[in-house]
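Enquirer: coords below, sequence missing:
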């Protein structure tokens, strides 16, 4: 990746914030999501895209965590996809 391209990449922190805000903006679809924690983040060359895993507390008591995997366009910061990520998912 050229240095000019690297300078236009959305920073990792902003990409992770966009992932969390994406879920929060869905509001009523995820009524019991509470705290969020960043689990993994990786810049992929193809795209380029950020591959981000964020876990959210869920449930009325907030004892359980659910992980979501996001693909974020690294040039615009736009969320491209969100999928469930199981603990057993190694990829």
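Expert: That came through, no problem. As the structure is a prediction and not an experimental result, all values here were calculated from the model.
Enquirer: Sheet partners, orientation included, of the strand or helix carrying residue 82?
Expert: In the assignment (DSSP states H and E), residue 82 maps to strand 79-84. Its sheet considered, strand 79-84 pairs with strand 64-73 (antiparallel) by DSSP bridges.
Enquirer: Report the buried residues of the strand it pairs with.
Expert: For strand 64-73, the neighbour count (16 or more other C-beta atoms under 10 Å) marks 65-73 as buried. Every residue, glycine included, has its C-beta placed from N, CA and C.
Enquirer: Now find how far off-centre the host helix or strand of residue 54 is within its chain.
Expert: Per DSSP H and E: residue 54 is located in strand 49-58. Remark: strand 49-58 is offset 4 Å from the chain centroid, using C-alpha atoms, centre = their mean, to the nearest Å.
Enquirer: now for that strand, which elements pack on it?
Expert: helix 12-25, strand 36-44, strand 64-73 (3 or more C-beta pairs under 8 Å, 6 or more residues apart in numbering; DSSP states H and E).
Enquirer: now the buried residues of strand 64-73 in TSV, with pLDDT and distance to residue 57?
Expert: Shown next, in TSV, are the buried residues of strand 64-73 (pLDDT from 0 to 100; distance: C-beta to C-beta, whole Å):
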residue	pLDDT	distance to residue 57
65	85	6
66	86	8
67	90	11
68	92	12
69	96	17
70	96	17
71	97	23
72	97	22
73	97	27
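Enquirer: pLDDT-wise, which helix or strand of this structure ranks last?
Expert: In the chain, no helix or strand scores lower on mean pLDDT, DSSP states H and E than helix 3-7, which sits at a mean of 56.
Enquirer: Please work out the average pLDDT along the strand holding residue 82.
Expert: Average pLDDT, strand 79-84: 94.
Enquirer: Just the angle for it relative to helix 12-25, thanks.
Expert: For strand 79-84 against helix 12-25, the angle by axes from the mean of the first three to the mean of the last three C-alpha atoms, to 10 degrees is 70 degrees.
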